[in-house]
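A.B. asks: Predicted model and sequence follow; I will ask about them next.
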Protein chains: 2
Amino acid sequence: MSKYQENKFYIFNTLTRKKELFQAMNPPHAGLYVCGPTVYGDPHLGHARPAVTFDLLFRYLKHLGYKTRYVRNITDVGHLESDADEGEDKIEKRARLEKLEPMEVVQHYTNSYHNAMNRLNVLPPSIEPRASGHIIEQQMMAQKILDNGYAYEANGSLYFDVLKYHKDHNYGRLSGRVLEDLISNSGKPGVRDEKRNSVDFALWKKADPSHIMRWPSKWGEGFPGWHLECSAMSQKYLGEQFDIHGGGMDLLFPHHECEMAQSVAAGGSDAVRYWMHNNMVTINGQKMGKSLGNFITLDELFSGSHELLESSYSPMTIRFFMLQAHYGSTLDFSNEALAAARKGLIRLMSTLKVLDKLEPGEAGSFRVDQFEEDAFRAMNDDLGTPVLIAHLFDASRFINSAYTGSDSITAPDLEKLRKVFRLFVFDILGIQEEEEDKEIGDLTSDLVNLLLTIRLEVKKKKDFELSDRIREELAGFGIVVKDKKDGFEWEIKD
Amino acid sequence: MSKYQENKFYIFNTLTRKKELFQAMNPPHAGLYVCGPTVYGDPHLGHARPAVTFDLLFRYLKHLGYKTRYVRNITDVGHLESDADEGEDKIEKRARLEKLEPMEVVQHYTNSYHNAMNRLNVLPPSIEPRASGHIIEQQMMAQKILDNGYAYEANGSLYFDVLKYHKDHNYGRLSGRVLEDLISNSGKPGVRDEKRNSVDFALWKKADPSHIMRWPSKWGEGFPGWHLECSAMSQKYLGEQFDIHGGGMDLLFPHHECEMAQSVAAGGSDAVRYWMHNNMVTINGQKMGKSLGNFITLDELFSGSHELLESSYSPMTIRFFMLQAHYGSTLDFSNEALAAARKGLIRLMSTLKVLDKLEPGEAGSFRVDQFEEDAFRAMNDDLGTPVLIAHLFDASRFINSAYTGSDSITAPDLEKLRKVFRLFVFDILGIQEEEEDKEIGDLTSDLVNLLLTIRLEVKKKKDFELSDRIREELAGFGIVVKDKKDGFEWEIKD
């Protein structure tokens, strides 16, 4: 029996508003599609959360034995400034500002995104398709929707006919929006509007003469509508039906609602079995936004170079901070919360070091099998990382007790504990050692130990002046010495 | 006057077989297209050489003040096993072997390529287009060639009519091949061959039923011919005419010859002003090949994990080794040659450290202006890195003499020397400090210095036993102490 058969893995399906047992359509294969970034600016917290959330899912599916094909796209065309098919293309606008060809903008911010994800230890997806690289596939899907009667052409553009679709299906089914409300909120189409109804959305937009990104089509030169890329690319790489579609809650409407409608309109049935949405990020309780001055990029977080930040926060601190909350909850960033996450992470990482040094002994109070079971139960409950991390801290407390001699563990249990602890921290949560942890290299340790040995020696020789001086100099380097009955201990303070 | 006006930069143009003064078509802009990898295997030395060569060119053009748009493609479709339009697609074959979807193979090896390039400090290009992402553009170009009468359709495929083209233009002009020889060497087309002549090449290939990578076209479902992507993508991102096209000598024929023919056939004139080719890599005097057992990937070089390697060679050692030869010469890899390059690189890097510590004094024997002029003259002579590096070593010898007091340099000269030396080593040659160089962090240095200060103190107190012990312990850590009249010096031995 493979691991995914042993583990009943439940995920919260946005479509049904229920936790459901995950059953892959075609085990041992699992297909996962996640909306990636629109690459027109530096990566920020809003990019990190879905990336870390679905990296966790990807890692866990793989651990469960699924051969997982993870597709995460790059939006490099078609995402207009307004979600309502109006305004400039976000990338063309940036290109104009920076006096670059749009694909230079795409390349630059794709590289920044990859670098930041790499630092967050987010695994690269199996396939990372670009919207501009799948124009034909998008045209083919638009044609199908047109053929099936759910789209209409107007002046070289192609629009999805939401009202027509709603007669046969249910527009709003995923996001819970009510079409009538949407219509009354969005007003009637204006005189110059090509849309039959203001809720309709573009499948293909005719390009203005000044628009750079354009391709020929049956309907004239233009570019694809934003929602179409994900439908076309998920179908190409995962099939007409696939297991999981993920993304940020902000994409639920209109983007995912429209994706769902497109798939049904083109193929007759839902493409996605499980829809998963990570919740939003706030900063000191506020929504993040450029106008609010609280727009913090990942590089600014990593380097501490933003006026709201009291210090820099390492990529693993950010990752751990995100994992301490459930992906379905909102997450508020503040210096206090980040500092607490850093402390927790340091505790976990030092437990790993203690675990390496721990010697086996008698049977003690800790049940390793129970710990393993609890940890898996937490993950199987919709990626319950806060509970998992609480179990890791319980184990950590035990490990430290065993190390100081107030508890103990048998050799086979110790071996298993090491394995399970490392599995969850490194493989599943995706935490990795950071430069800071590694900084205290062997040579440095050797040197500090030598200095403190010499200090013991000069102390014995009653040269207290020199002995004190060594202690003070080390304190100046951030090394705190604790004298013990039979020697010394030291640690590096930050 | 901008730098590119001051510097007469000559490059060897493969087309004219002459060194020619580089004159950008549209200064201050410069356009550069380089053939990137076909991503179906791990990156190896054959990938590193063109990447480093054209990274050097990119860096130098930028230094000269050109706003350089550097396009380097990723070939992810259409490259068949045989250059003569036969055999499986290289990527589909690998996908079949690894039981993956072709785009998973593409993603995996694109990531490996990027990682290796990153370690070699090769800057990312401005745009990195993929062949599969430009199917429409390739179809449009094929249609133009067909419209102009230089292609014919046969059974759903489209072929370039080399003989027809040769009547009006000159096929072989770039590579120096003679069409008559090519025809007599390649034999007549077989009975089942769709080509009119065996030298003809595919612009569009009809896909077999089993072929996964396929797109609709006017001529039926199929995929583009290998040569077409570079013509279509260079035109899209650099215009119908652009400055420089680079690539490995192995691509000169048929790939670049066919590219040139396609551009002329589609647009009526040559697209490229300067063709540049880096020469090939051999290993212990032999061509690199899987069957010869001397196929060494970059990761194997970096880690030393190949039986032909006597040690690992750091990315900067590989880069420096390549730069020590002119890109137009063949380059033979051997353990001896790599060890020599490593030594040279260490010399250069330690010169940089000495340069930081050097104190100004009287005027000495070194002419900084002359050194700067010589260094630029070397680069302006078709990227003459071997000569440039020789000048850097001359400067290095002087710097060391000045440091030991047998020569000297004035303050303004020292400032300029620092600037020029760093410019050439870091910015133009693209050498960077490596982990090994950085290993001796500040804390470690502080600790060693503290230990040695204490040693001086205990020596003063005549505690020679302890003083000797400190020295011996440090030697045990690989730290060699040299007593000086007024203190000490130390260094870390490997």
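C.D. replies: Nice, I can see it.

A.B. asks: alpha carbons only for contacts and neighbour counts from here, please
C.D. replies: OK.

A.B. asks: so after the strand or helix carrying A:N400, what's the next helix or strand?
C.D. replies: Using DSSP states H and E, A:N400 maps to helix A:385-404. Going down the chain from helix A:385-404, the next helix or strand is helix A:411-422, by DSSP H and E.

A.B. asks: Now do the same contact list for the closest residue to chain B within chain A.
C.D. replies: With CA to the nearest CA, the shortest gap between chain A and chain B falls at A:G133, namely 3.4 Å. A:G133 makes contact with B:R130, B:S132, B:G133, B:H134, according to CA atoms under 8 Å, 6 or more residues apart in numbering or on different chains.

A.B. asks: next one: A:G267
C.D. replies: Taking CA under 8 Å, 6+ apart, we find A:G267 in contact with A:E240.

A.B. asks: Need phi/psi at it.
C.D. replies: Note on A:G267: backbone dihedrals following degrees, to the nearest 10 are phi -110, psi -10.

A.B. asks: Quick one: distance of the helix or strand harbouring A:E104 to the chain centre.
C.D. replies: Using DSSP H and E, A:E104 falls within helix A:102-119. The chain centre lies 16 Å from the centre of helix A:102-119; the measure is CA atoms, centre = their mean, to the nearest Å.

A.B. asks: How about stretch A:261-279?
C.D. replies: Centroid separation for stretch A:261-279 versus its chain: 21 Å, with CA atoms, centre = their mean.

A.B. asks: buried sites along that stretch?
C.D. replies: Neighbour-count burial for stretch A:261-279, with 16 or more other CA atoms under 10 Å in any protein chain shown as criterion, is recorded at A:261-267, A:270-279.

A.B. asks: Show me the residues you listed that map onto helices.
C.D. replies: Applying DSSP state H to those, the entries found in helices are A:A261, A:Q262, A:S263, A:V264, A:A265, A:A266, A:G267.

A.B. asks: Report the contact partners of A:G41.
C.D. replies: Contacts of A:G41 (CA under 8 Å, 6+ apart): A:Y109.

A.B. asks: returning to what we had before: quick check, the residue of chain A closest to chain B in a helix?
C.D. replies: Yes - the assignment for A:G133 is a helix, going by DSSP: H, G, I helix; E, B strand; the rest coil.

A.B. asks: what's the distance between it and A:H227?
C.D. replies: 15 Å (CA to CA, to the nearest Å).

A.B. asks: Likewise for A:L450?
C.D. replies: Distance from A:L450 to A:H227, by CA to CA: 64 Å.

A.B. asks: what's the answer for A:A339, then?
C.D. replies: 39 Å.

A.B. asks: Check A:M213 too.
C.D. replies: Separation of A:M213 from A:H227 (CA to CA) stands at 17 Å.

A.B. asks: A:R342 now?
C.D. replies: For A:R342, the distance to A:H227 - CA to CA - is 38 Å.

A.B. asks: Looking at these two, which is more packed in?
C.D. replies: Using other CA atoms under 10 Å in any protein chain shown as the criterion, A:R342 and A:H227 rank with A:H227 on top: 24 against 19.

A.B. asks: didn't A:A375 look like it was pressed against A:G384?
C.D. replies: No - judged on CA atoms under 8 Å, A:A375 makes no contact with A:G384 at a distance of 9.0 Å.

A.B. asks: Can you give me the buried ones in the helix holding A:E104?
C.D. replies: Those buried within helix A:102-119 under the rule 16+ other CA under 10 Å are A:102-110, A:112-113, A:116-117, A:119.

A.B. asks: Are that helix and chain B in contact anywhere?
C.D. replies: Yes - with CA under 8 Å from any CA of the partner chain as the criterion, chain B is reached by helix A:102-119 at A:M103, A:E104, A:Q107, A:H108.

A.B. asks: Please enumerate the strands of the stretch 101-250 of chain A.
C.D. replies: Here the stretch 101-250 of chain A has its strands, by DSSP state E, counting those that start in this stretch, at A:151-154, A:157-160, A:201-206, A:222-224, A:242-248.

A.B. asks: Could you spell out the sheet neighbours of the second one, each with its direction?
C.D. replies: Strand pairing for strand A:157-160, using DSSP bridges, gives strand A:151-154 (antiparallel), strand A:201-206 (antiparallel).

A.B. asks: Could I get the average pLDDT for the longest one?
C.D. replies: Over the span of strand A:201-206, the pLDDT mean works out to 96.

A.B. asks: which residue packs closest to A:D55, ignoring adjacent ones?
C.D. replies: A:V122 (5.8 Å; CA to CA, 6 or more residues apart in numbering or on different chains).

A.B. asks: typo on my end, it should be A:K62
C.D. replies: A:K62's closest residue in space is A:T68 (CA to CA, 6+ apart), at 6.2 Å.

A.B. asks: Now for that neighbour, how many residues are close by?
C.D. replies: Per other CA under 10 Å, the neighbour tally for A:T68 reads 20.

A.B. asks: List the contacts of A:M213.
C.D. replies: Counting by CA under 8 Å, 6+ apart, A:M213 touches A:V77, A:E92, A:P102, A:G222, A:F223.

A.B. asks: Now the two most distant members of the residues you listed.
C.D. replies: Of all pairs drawn from these, the greatest distance, 15.3 Å, lies between A:P102 and A:G222 (CA to CA).

A.B. asks: May I see the buried residues of stretch A:130-144?
C.D. replies: Buried residues in stretch A:130-144, counting neighbours by 16+ other CA under 10 Å, are found at A:130-139, A:141-144.

A.B. asks: for stretch A:275-295, that is, sorry about that
C.D. replies: A:275-284, A:288, A:294-295.

A.B. asks: so where's the stretch 201-350 of chain A shaky on pLDDT?
C.D. replies: Judged by pLDDT under 70, the stretch 201-350 of chain A has no weakly predicted residues.

A.B. asks: which residue ranges form the helices in it?
C.D. replies: Using DSSP state H, counting those that start in this stretch, the helices of the stretch 201-350 of chain A run over A:226-238, A:257-267, A:298-303, A:315-323, A:335-357.

A.B. asks: So which residues on chain A come close to chain B?
C.D. replies: A:101, A:103-104, A:107-108, A:126-128, A:130, A:132-136, A:215, A:237, A:443-444, A:446-448, A:450-451, A:473, A:477.
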